[in-house]
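Just the structure for this:
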Amino acid sequence: MAKAVRVHQTGGPEVLTYEDVEVPAPGKGEVRIRQRACGLNFIDTYFRTGLYKAPSLPFIAGNEASGDVIDVGPGVTGFHPGDRVAYTFGLGGYASERVMPADRLVKLPDMITYEQAAVLMLKGLTVHYLLHKTFKVEPGQNVLIHAAAGGIGLLACQWAKALGANVIGTVGSREKADLAAHNGCDHVILYNETDFVAEVKKITRGDLCNVVYDGVGKATFPGSLDCLRPLGMFVSFGNASGVVPPFSIGELQRRGSLFATRPTLNDYIAKRRDLLEAADTMFAAVISGSLQVPIHHAYALKDAAKAHRDLESRATTGASILKP
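You can find the predicted model right below:
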């Protein structure tokens, strides 16, 4: 029997149940994986609480993991037992073993660890599409990244800096400010102590930002719009503090013909060729040293409830993983 963390009813961290599960043999086009590390992400809490609706109950939580192929189903030719692999794919990540479609897997380069991969497949690929696809960051641009000391934030600060941007980040404590500064953030704003909009105006000498990457949501809106120069882009990709409230589209015109988007990773990697291209670019950035993967917290899979409590209380910095 494999172990997994299941949700039988939505609610607080206490609904995460560590239990035995049956893992079937892989079917056509599928592989069975023994997982080595599972990613922990804020989106996991959205499914747990019911903010994002799972396809059915009960479900196994989690969206990304890494491990080894231990069996392949009929028609699978690109993977073999023993291959080191990783993925981000729907639910089912919080488990010691699982079966999933082979075309959603990527092979791991020798220089990428299981722990790094479990962080990169959702967070790293998210940062890739945000900085390379949704808004293509270029040298000299002013970029604002909210929650700059979080799992996505630290990767985004590093990658934006490597692309030549002037990186501005917001954080909630001085400890997190130091962490963001050591990960490529040129200017760090403590949003609990100062008005981040006023600070952005001061830092940019009134030029404001080309783009704002906002995974916080309600607490940073509409301030994020006020940080943008005319024709700037507001990229809302998460809602850790609650969803952005409905607003008049006229607000974008009034602030200077702004653009606003609410992207999601799945749309950027829906085609396998796009998944492989993004993963190759991301792994190359890690191997070259342009992108470090800060893993600050590791929990046993059975302690997923504690991991969720820490995540939601902002007790974590950087990325966290679960170990089956």
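
Backbone dihedrals for D110, please?
Main-chain dihedrals, D110, degrees, to the nearest 10: phi -60, psi -30.

Likewise for T17?
phi -110, psi 120.

can you tell me which strand in this structure is longest?
strand 30-40 (DSSP state E).

Note down every partner strand of that one and its orientation.
strand 64-72 (antiparallel), strand 97-101 (antiparallel), strand 319-323 (antiparallel) (DSSP bridges).

contacting residues for A285?
159, 162, 291 (C-beta atoms under 8 Å, 6 or more residues apart in numbering). (Glycine included, C-beta is placed from N, CA and C.)

Show me which of those is closest to H146.
Ranked by distance to H146 (C-beta to C-beta), the contacts of A285 are led by W159 at 15.6 Å.

name the element the closest one belongs to?
Taking DSSP states H and E as the definition, one finds W159 inside helix 151-162.

now the angle from the helix or strand just after that helix to helix 151-162?
The first helix or strand that comes after helix 151-162 along the chain, using DSSP H and E, is strand 166-171. Counting by axes from the mean of the first three to the mean of the last three C-alpha atoms, to 10 degrees, strand 166-171 lies at 160 degrees to helix 151-162.

after strand 166-171 comes which helix or strand?
Using DSSP H and E, the helix or strand that follows strand 166-171 towards the C-terminus is helix 174-181.

Put the alpha carbons of that following helix into PDB.
Taking Å, rounded to 0.1, in the frame of the first residue of the first chain, the C-alpha atoms of helix 174-181 are listed here in PDB:
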ATOM      1  CA  ARG A 174      12.800  42.600   8.000                       C
ATOM      2  CA  GLU A 175      13.900  39.000   7.900                       C
ATOM      3  CA  LYS A 176      12.100  38.500   4.700                       C
ATOM      4  CA  ALA A 177      13.500  41.800   3.400                       C
ATOM      5  CA  ASP A 178      17.000  40.500   3.900                       C
ATOM      6  CA  LEU A 179      16.200  37.200   2.100                       C
ATOM      7  CA  ALA A 180      14.700  39.000  -0.900                       C
ATOM      8  CA  ALA A 181      17.700  41.300  -1.100                       C
END
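
residues in contact with the helix or strand following that helix?
Counting by DSSP H and E, the next helix or strand C-terminal to helix 174-181 is strand 187-190. Strand 187-190 is contacted from outside by 148, 166-174, 177, 180-181, 196, 199-200, 203, using C-beta under 8 Å, 6+ apart.

I would like a PyMOL command selecting only the buried ones among these, please.
Applied in PyMOL, the following selects the buried portion of these according to 16 or more other C-beta atoms under 10 Å:
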select buried, resi 148+166+167+168+169+170+171+172+177+180+181+196+199+200+203
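
Could you list the buried residues of stretch 51-69?
Buried residues in stretch 51-69, counted by 16+ other C-beta under 10 Å: 54, 59-69.

Any chance of CSV for these, columns pLDDT and distance to L301?
Output for the buried residues of stretch 51-69, formatted as CSV (pLDDT from 0 to 100; distance: C-beta to C-beta, whole Å):
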residue, pLDDT, distance to L301
A54, 95, 19
F59, 97, 16
I60, 97, 11
A61, 97, 10
G62, 96, 9
N63, 93, 15
E64, 95, 14
A65, 98, 10
S66, 98, 13
G67, 98, 12
D68, 98, 16
V69, 98, 20
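
Tell me which stretches of the chain form helices.
For the chain, the helices defined by DSSP state H occupy 42-49, 114-119, 125-129, 151-162, 174-181, 196-203, 223-226, 250-254, 265-268, 272-288, 304-312.

now those helices in a markdown table, with distance to L108?
What follows is the helices of the chain, written out as a markdown table (distance: least, C-beta to C-beta, whole Å):
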| stretch | distance to L108 |
| --- | --- |
| helix 42-49 | 22 |
| helix 114-119 | 5 |
| helix 125-129 | 14 |
| helix 151-162 | 17 |
| helix 174-181 | 26 |
| helix 196-203 | 38 |
| helix 223-226 | 35 |
| helix 250-254 | 41 |
| helix 265-268 | 19 |
| helix 272-288 | 8 |
| helix 304-312 | 23 |
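
could I get those helices as a markdown table with mean pLDDT and distance to P13?
Formatted as a markdown table, these follow (pLDDT from 0 to 100; distance: least, C-beta to C-beta, whole Å):
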| stretch | mean pLDDT | distance to P13 |
| --- | --- | --- |
| helix 42-49 | 94 | 7 |
| helix 114-119 | 95 | 20 |
| helix 125-129 | 97 | 23 |
| helix 151-162 | 95 | 18 |
| helix 174-181 | 94 | 22 |
| helix 196-203 | 97 | 29 |
| helix 223-226 | 97 | 29 |
| helix 250-254 | 96 | 36 |
| helix 265-268 | 96 | 24 |
| helix 272-288 | 97 | 30 |
| helix 304-312 | 94 | 4 |
